[in-house]
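Student: Sequence first, then the predicted structure:
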Amino acid sequence: AEYVSKNIEWTTCKKFTVERGQQQIEEYIATWEIHESWLHWTEFLQEEELKNSKRYHYRVCWSTPTRRKPIPRATASVYFVIEISKIKPATLPVEVFFVLESSRLIHRPEKCRFREKWLKDIIENKIILMESL
């Protein structure tokens, strides 16, 4: 069977606010198939003015604290960008994409199935690096 990417209905450009963007990122993350032990927090980073659009940058920081190790040894970040076009009609939905820390591959919510393994790999690589230093 073919997998259908889970997505949400993103707000329109004219209804966008920084807070609404953060809420919608949280809604989208809730569709990811990841274990409940993963905890995260989301923060707004900056607004970027471009010629034909405005970009709003967010970071979602992930970790898996446990009773034995409530402070995780490493975290993994996912960086979201919400783009508001200055050219297209304001009634169209915002454009959304995200990249994983240490990767340049751009993921689009409507075309991507998020993998928990991506977060695990980032954290494992950081721990390996810390132990080698």
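Tutor: Perfect, I can see it now. Residues are numbered from 1 along each chain as shown.
Student: Secondary structure class of residue 20, three-state.
Tutor: helix (DSSP: H, G, I helix; E, B strand; the rest coil).
Student: my guess is residue 54 contacts residue 21, does it?
Tutor: No: taking contacts as C-beta atoms under 8 Å, residue 54 lies outside contact range of residue 21: 11.1 Å. The C-beta positions use only the backbone N, C-alpha and C, and glycine is treated the same way.
Student: For those two, indicate the residue with more neighbours.
Tutor: Higher neighbour count among residue 54 and residue 21: residue 21, with 23 against 16, using other C-beta atoms under 10 Å.
Student: secondary structure element for the closest residue to the more buried one other than its chain neighbours?
Tutor: Excluding the flanking residues, the one nearest residue 21 by C-beta to C-beta, 6 or more residues apart in numbering is residue 82, at 4.7 Å. Assigned by DSSP states H and E, residue 82 belongs to strand 76-85.
Student: partner strands of that strand, parallel or antiparallel?
Tutor: In the sheet, strand 76-85 lines up against strand 53-63 (antiparallel), strand 95-100 (antiparallel) (DSSP bridges).
Student: Relative to residue 89, how far out is residue 78?
Tutor: In this view, residue 78 and residue 89 are 29 Å apart by C-beta to C-beta, to the nearest Å.
Student: In terms of neighbours, single out the busier of these two.
Tutor: Neighbour count, other C-beta under 10 Å: between residue 78 and residue 89, residue 78 has more, with 24 against 9.
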